[in-house]
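# Here is a sequence with its predicted model. Questions after.
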Amino acid sequence: MASTVGAFSGDLSTSQRRDNGTTKAYTGIIICVISLAMITSSRCSHLMMNSPEFHALANVAGFLAFDLWYDRVCCRLFPPRLLSILEDAFTLSAFSAILTKWEEWDIISVPTTAPISLWLGYKILRLTSEIAGHGNAVESSNITNVVAKEYLWTIHGEDYDLSKFIHRHPGGKEAILLGRGRDCSALFESYHPFTKRHRDVLNKYKAVESKILSTQKNEKEVEDIFYSTLKERAAKALEDNGIDPNLGRAATKGRTLYYFVIIGLLGLSGSYHVKGNPLGSFMFAVFGWLVGCLGHDAGHFSASRIPFFNDAGVWGIGFLCNPIMWQHQHTFAHHSHTNEFDNDPDLHHFDILLRVHRRFKQRDVYKNQTNVFYVIGAYSLVVFGECIKIPLSMMQTGTLYDMVEYTDKNRPIRAFSMYFHYISYLALIIVAPYLSDKSWGIAFSCGIIHIATAGLLFAVFSQINHLNEFSIETDKGETDEKMLKGSWAARQVATSNNFATKSLFWHIFSNGLNMQIEHHLFPGLNHCHLHVIQPTVQKTCEEFGVHYKSFESWSDVMGATLSWLDKLSSTP
């Protein structure tokens, strides 16, 4: 019998097995939904002679038995998930025992609706996630070692099939999937700075030939001596301060407590915003900006070493930017290609109002950016763009300015999450105040106050970090041109700016963005640790002749940005 089953499953193609897995998951969702309706609908209860909970358990027990059989026969494409199999087996055993002893144990007298409903909800989420996982499977040929480019990871010019490693990736599934279908060399290096294990793992997955050649030529790996030195010295600085570079890279207990305090204040101020209180809306925006530190840290997988908490925490950026878009726009594109005109989307967000790079053609509207109040007005629209305008365009076109592909569009849960944030943001920030007992004028002002305040805070601490003459036109700085071309790390330093690095106030209020250079070099290191490595980074940059731009105050770095905008307002 075993050999017959094995032969049957072996006759199926990769796509057939994947489709079978999806069919099984959809079947489970339908059964769980029907069972949930049985125990929650009074009409269903009246139609059943026995307890609706009994019928619901009988339905799901039948599915669990079918699940274990069908998975063995038709879905052996995917690596066995021992925990999932054990979960189904133990759950089936427990449900079978309960059904068998239903009357003897007088279970009908026990309140079972809530726990059964919770389990059904959990199972629906699990099965939905499974469907999304099947969508992540690699399309490959059983005859040749050829895989579609969109399912490969390109690292230093070589294509790797890491699909079997996705669920074993220590940083979590979302972290590794962010690099799929792309040249993720920068992600690969910058998120594993203090270990060599990533190279050992990569060596186990030989490079494969892709069906579609990359549109850009990938260069072979060349050792970045500057970055290697930085990594070695930064690791020592952390160790000297009692911080394990790998195990201690996430948020400290104090940082975690800060997250929760800000979340609490965010909720409190939000309760006043939805009641139509303009001051509440202002404070809601301020705390929305501050909770962005959690979203930023989690978006760089550094809020916690537990992937689930990072996946949840990235939603803290949701009052400033769509969190799904954020990962593509910021974590991948901006950090991999900082200030590269053709690859960094951050240069293109508001070209309708501001000219931040010489390659934008001069327009009459740019003459206004000599006026600081015009710039403030433009900055007040930043969050409107990041939460409403730009995500809508990305969902419609599937790309961000035709330079960053929205690779999550074919992943049901991620795609749904992007729409969910879009609708939720509009409902909470704009619509909710209208449902209060305040006038429509006040309700309208609440939405405007929140969007403008959050936009200004986001802009004056993010735009200044990369937008000034020496950060855009790095050839004018002190860094050697050969160093800029040969070192990704040197380009990160040259295109970024620090300010007020000794100030605790500015570090907290800027969400740690006052140490942007260190953050760009080591994005997977929580912001609460950056001050430890800052002196080491600065000294190493000076030693290698890399232009380390650190301004004494926020006003100094803001002044440099305004001067650059003023210069671009009239020059070609």
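Perfect, thanks for sending it. Residues are numbered from 1 along each chain as shown.

# Under the pLDDT cut-off, which ranges of the stretch 51-200 of the chain? List them.
Along the stretch 51-200 of the chain, the model assigns pLDDT under 70 to residues 71-84, 106-111, 129-148.

# Go again with 80.
Along the stretch 51-200 of the chain, segments meeting pLDDT under 80 span 51-53, 67-87, 101-114, 125-150.

# show me where it has strands.
Applying DSSP state E, counting those that start in this stretch to the stretch 51-200 of the chain gives strands spanning 146-147, 153-155, 158-160.

# of the ones you listed, which approaches Leu467 most closely?
strand 153-155 (29.3 Å; CB to CB). (C-beta placed from N, C-alpha, C; glycine too.)

# Residues touching the closest one, excluding its own?
Identification of contacts with strand 153-155 by CB atoms under 8 Å, 6 or more residues apart in numbering yields 159-162, 176, 179-180, 182-185, 188, 202, 214, 218.

# From the residues you listed, pick the one nearest Pro572.
Lowest distance from Pro572 to the contacts of strand 153-155 (CB to CB) belongs to Asp183, with 32.1 Å.

# I'd like the distance between the closest one and His348.
Going from Asp183 to His348 by CB to CB, to the nearest Å gives 19 Å.

# now swap in Phe66 and tell me
Using CB to CB, Phe66 is found at 51 Å from His348.

# if we can go back for a sec, so for Asp183 and His348, which residue has more residues nearby?
More neighbours surround Asp183 than the other of Asp183 and His348, with 23 against 18 (other CB atoms under 10 Å).

# Not counting sequence-adjacent ones, nearest residue to that one?
Of all residues not flanking Asp183 in the chain, Thr154 sits nearest, at 4.4 Å (CB to CB, 6 or more residues apart in numbering).

# cool, Val33 as well?
Ile124 (7.0 Å).

# do Ala415 as well
Nearest non-adjacent residue to Ala415, counting by CB to CB, 6+ apart: Lys409, 5.5 Å away.

# wait, what's in contact with the one you found?
Neighbouring residues of Lys409 by CB under 8 Å, 6+ apart: Met395, Gly398, Ala415.

# And the residue nearest in space to the middle of the chain, how close does it get to Thr407?
The chain has Gln327 as the residue nearest its centroid, 3.8 Å off, counting by CA atoms, centre = their mean. Computed as CB to CB, the Gln327 to Thr407 distance reads 10 Å.

# ok, which stretches of the stretch 451-572 of the chain are helices?
Secondary structure of the stretch 451-572 of the chain (DSSP state H, counting those that start in this stretch): helices at 469-472, 481-486, 488-494, 504-509, 516-521, 530-544, 554-568.

# pLDDT (mean, whole number) over the fourth one?
Averaging pLDDT along helix 504-509 gives 95.

# and it, what does it pack onto?
On a contact count with 3 or more CB pairs under 8 Å, 6 or more residues apart in numbering; DSSP states H and E, helix 504-509 meets no helix or strand.

# residues of it that come out buried?
Neighbour counts over helix 504-509 (16 or more other CB atoms under 10 Å) mark Trp506, His507, Phe509 as buried.

# No further questions, thank you.
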